[in-house]
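Asker: Sequence and predicted structure below; questions after.
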There are 2 protein chains.
Amino acid sequence: MGEFDLIARYFTRKPQRAALGVGDDCALLQPRPGTQLAISSDMLVEGRHFLSTVNPAFLGHKALAVNLSDLAACGAEPLAFTLALSLPQADPAWLEPFSRGLLALADAHGCELVGGDTTRGPLNICITVFGEVPVVAGRSQALLRSGARAGDDLYASGTLGDARLALEVFRGNLSVPEAVFAQARQRMEQPTPRVALGQALRGIATAAVDVSDGLLGDLGHVLAASGVGACIDTSIAIDLIASCADSLGAPGTFSLNQRLAFVLAGGDDYELAFTAPPSAREAVMAAARLTQTAVTRIGRIEPEPGLRLVDARGRLLDETYASFDHFA
Amino acid sequence: MGEFDLIARYFTRKPQRAALGVGDDCALLQPRPGTQLAISSDMLVEGRHFLSTVNPAFLGHKALAVNLSDLAACGAEPLAFTLALSLPQADPAWLEPFSRGLLALADAHGCELVGGDTTRGPLNICITVFGEVPVVAGRSQALLRSGARAGDDLYASGTLGDARLALEVFRGNLSVPEAVFAQARQRMEQPTPRVALGQALRGIATAAVDVSDGLLGDLGHVLAASGVGACIDTSIAIDLIASCADSLGAPGTFSLNQRLAFVLAGGDDYELAFTAPPSAREAVMAAARLTQTAVTRIGRIEPEPGLRLVDARGRLLDETYASFDHFA
């Protein structure tokens, strides 16, 4: 199968909203009047971001999900994406499920594939995604990292730490009951980008970030950009790991402290961490209900720089948890 | 050096036209009213698109140049780009010249780096570029592959075949005088995207494509999309290879037929092939002069499908020349 057959068979569809899709030198997009274009790129490398044994359908899903998660963190509505793919060979047994998983998530979000590139080389998936953000009275409605203010509440969406728990089981560092692993693995392989929640939080949240490298690290970007600090109640945060729910049975061979580390610094979660003033608590919960997304208030923004962890009684903990850095 | 230091040191600058640049979950772009966004992605893989010994400054230049060439083929004005980079290690001795070469070309075209991704892995450079195309009275002014009509003239910009000649010398398949190799190598390592010419051809050219896989192959996309055929005068085309100019001395150890193969099917040229009606000859030449870009009329579009090669006396040649396919 040649390069152009491969593109035609697995990745070419009729343009929907795009003025021009796959097949020319460029794709053409016409953002709606009164909107701004939000753009993000993420590259996934075999052995670094996924294991060679992963189901290609899950990989197709995840490659787009991690990009949609960036749009969600800006409150953008997905519009389109490009896919650049480096492959060791053009193998239909891989391409068919990969494109199926990818395009199913794309369809679910009305985000069409408008162009890209294919080449032979080590497996590498690079997606650039485009979304629309309204501009109202000359002001962008995008959620930024820089808007958190002292006194704001701090929230996390969904669950945190499960993907890292699954990774540690894959690595042989951890042993857990089957039901725990199944739950965690699903979160690692098929993350859910919080696209609807992100849009529902426009005009409510003061700042937002997507949690990809671990809550503490990504929240750190918000604190730095906003010039503030934060305090997290670990007695609440520790319950954000879904695969350790009591209903799943014994938590396996790891400590409470390790469980907290998964939640705070696990990575690969693709949840939103965001801030909003206490006056917006009702509005935040309404956005959560509207989008059927769990949202948990886990702390507050403070004027003093830095990130503090406290227990249920407000006592300061002195543990530190490293975030994920691709070059550390 | 960590991931965020690396981005800050080599790739972060103040946004110019972008509403938001590097450093949040998404970049924000505001295309001008009355314009459409043209988008293209190209991925460069070590060993496939460049040799490991290449000067990183040239590689930075080329990685953006091949993307700008796609904008040129659409007649788009460069606006911004994202860079996703997979690197074996964060090596300042590579990153400094790479970013310098990349950003010098970006500055020359007013095309700002607005976001991207960095990760550890086999060397892979993925750029997605954004340009603006005017929409006049509801009609996009983009140059497409589908507009060629029987009777149109066929043109090529600049020079063709030099990059392939240099590659064959690197591969040890060819021996040429030093001056010939120097000229060819410069064309391979630092191609010139025909951005100004592409824009000047809006409203003049009926179809355009950028020549990256070889003239015949890329022209074939235009013919297929337009439902036409073409005839190329090889006695004119053969002179498009700059490194074989008489002034450089003996052409080295290859035949006239091999020289023609370089021109017609060499690849890596990043020139424009385009069509325009004979009534537009003056306008084409004016666009060439205005943008100081050589343009050569090499043939014509015909109603019969297929691509025909003729000699100076119009006699049909029966040689075939394969184009470049990354999976063939």
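Answerer: Happy to help now that I have it. Bear in mind that the values here come from a model prediction, so they are computed numbers and not experimental data.
Asker: what ranges do the strands span in the stretch 201-328 of chain A?
Answerer: Along the stretch 201-328 of chain A, counting by DSSP state E, counting those that start in this stretch, strands occupy A:207-211, A:229-233, A:271-276, A:295-302, A:306-310, A:316-317.
Asker: Given the third one, what are its sheet partners and their directions?
Answerer: The strands that strand A:271-276 pairs with in its sheet are strand A:153-157 (antiparallel), strand A:207-211 (antiparallel) (by DSSP bridges).
Asker: Mind putting the ones you listed into a markdown table with mean pLDDT?
Answerer: Putting the strands paired with strand A:271-276 into a markdown table (pLDDT from 0 to 100) gives the following:
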| stretch | mean pLDDT |
| --- | --- |
| strand A:153-157 | 98 |
| strand A:207-211 | 97 |
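Asker: Name the stretch among those that sits most buried.
Answerer: strand A:207-211 (a mean of 28; mean count of other C-beta atoms under 10 Å in any protein chain shown). (C-beta placed from N, C-alpha, C; glycine too.)
Asker: Measure how it sits relative to strand A:295-302, angle-wise.
Answerer: Strand A:207-211 runs at 120 degrees relative to strand A:295-302, counting by axes from the mean of the first three to the mean of the last three C-alpha atoms, to 10 degrees.
Asker: Could you check how far strand A:207-211 is from the centre of its chain?
Answerer: 9 Å (C-alpha atoms, centre = their mean, to the nearest Å).
Asker: what's in contact with that strand?
Answerer: With contact meaning C-beta atoms under 8 Å, 6 or more residues apart in numbering or on different chains, strand A:207-211 is reached by A:69-70, A:72-75, A:143-148, A:152, A:156, A:160, A:193-194, A:198, A:201, A:218-219, A:221-222, A:225-226, A:269-275, B:25.
Asker: Could you give the separation of stretch A:89-103 from the chain centroid?
Answerer: 22 Å.
Asker: excluding its backbone neighbours, what's nearest the residue of the stretch 151-300 of chain A at minimum distance from chain B?
Answerer: Nearest to chain B in the stretch 151-300 of chain A, going by C-beta to the nearest C-beta, is A:D210, at a distance of 5.6 Å. Nearest non-adjacent residue to A:D210, counting by C-beta to C-beta, 6 or more residues apart in numbering or on different chains: A:A73, 3.9 Å away.
Asker: pretty sure that neighbour belongs to a helix, no?
Answerer: Yes - the assignment for A:A73, made by DSSP: H, G, I helix; E, B strand; the rest coil, places it in a helix.
Asker: Who are the contact partners of it?
Answerer: Contacts of A:A73 (C-beta under 8 Å, 6+ apart): A:L143, A:G198, A:A208, A:V209, A:D210, A:L272, B:D25, B:C26.
Asker: next one: A:T12
Answerer: Per C-beta under 8 Å, 6+ apart, neighbours of A:T12: A:G21, A:V22, A:G23.
Asker: how about 6 Å then?
Answerer: A:V22 (C-beta atoms under 6 Å, 6 or more residues apart in numbering or on different chains).
Asker: Show me which residues of the stretch 101-250 of chain A sit near chain B.
Answerer: A:116-117, A:119-122, A:124, A:126, A:128, A:142, A:144-145, A:210 (C-beta under 6 Å from any C-beta of the partner chain).
Asker: mind redoing it with 7 Å?
Answerer: Selection of the stretch 101-250 of chain A residues close to chain B by C-beta under 7 Å from any C-beta of the partner chain yields A:114-122, A:124, A:126, A:128, A:133, A:140, A:142, A:144-145, A:209-210.
Asker: Are any of these buried, and if so which?
Answerer: By neighbour count, with 16 or more other C-beta atoms under 10 Å in any protein chain shown, those hold A:114-122, A:124, A:126, A:128, A:133, A:140, A:142, A:144-145, A:209-210 as buried.
Asker: Pick out the shakiest of the strands of the stretch 201-328 of chain A, pLDDT-wise.
Answerer: Note on these: strand A:316-317 shows the lowest mean pLDDT, a mean of 88.
Asker: Sheet partners, orientation included, of that strand?
Answerer: Strand A:316-317 sits in its sheet next to strand A:306-310 (antiparallel), going by DSSP bridges.
Asker: Going by neighbour count, list what's buried in the partner strand.
Answerer: Residues of strand A:306-310 classed as buried: A:L307, A:L309 (neighbour count, 16+ other C-beta under 10 Å).
Asker: Pull up the distance across stretch A:49-63, start to finish.
Answerer: End-to-end distance for stretch A:49-63: 10 Å, by C-alpha to C-alpha, to the nearest Å.
Asker: now stretch A:98-117
Answerer: Chord length of stretch A:98-117, first to last residue, is 15 Å (C-alpha to C-alpha).
Asker: re the thing from before, got a markdown table for the strands paired with strand A:271-276, with distance to A:L264 too?
Answerer: Shown next, in a markdown table, are the strands paired with strand A:271-276 (distance: least, C-beta to C-beta, whole Å):
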| stretch | distance to A:L264 |
| --- | --- |
| strand A:153-157 | 10 |
| strand A:207-211 | 10 |
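Asker: Span of stretch A:217-234 from start to end?
Answerer: Stretch A:217-234 end-to-end distance (C-alpha to C-alpha) = 16 Å.
Asker: What's the biggest strand in chain A, counting residues?
Answerer: Secondary structure of chain A per DSSP state E: the longest strand is strand A:124-136.
Asker: now that strand and strand B:124-136, what's the angle there?
Answerer: 40 degrees.
Asker: And the contacts of the helix or strand just after strand A:124-136?
Answerer: Using DSSP states H and E, the next helix or strand after strand A:124-136 towards the C-terminus is strand A:139-140. Here strand A:139-140 makes contact (C-beta atoms under 7 Å, 6 or more residues apart in numbering or on different chains) with A:Q36, A:V133, B:A19, B:L28.
Asker: Out of those, which comes closest to A:Y10?
Answerer: The closest of those to A:Y10 turns out to be A:V133 (C-beta to C-beta; 30.5 Å).
Asker: for A:A90, phi and psi?
Answerer: phi -90, psi 90 (degrees, to the nearest 10).
Asker: Can you report how many residues neighbour it?
Answerer: A:A90: 20 surrounding residues under other C-beta atoms under 10 Å in any protein chain shown.
Asker: Surely it and A:M1 touch.
Answerer: Yes - the criterion here is C-beta atoms under 7 Å, and A:A90 meets it with A:M1 at 4.5 Å.
Asker: Quick check: A:S99 touching A:R13?
Answerer: No - look at A:S99 against A:R13 with C-beta under 7 Å: they stay out of range, at 10.2 Å.
Asker: Of these two, which one has the most company?
Answerer: Shown here are A:S99 and A:R13; by other C-beta under 10 Å, A:S99 has more neighbours (21 against 13).
Asker: what sits against that one?
Answerer: A:S99 sits next to A:Y10, A:F11, A:G60 when contact means C-beta under 7 Å, 6+ apart.
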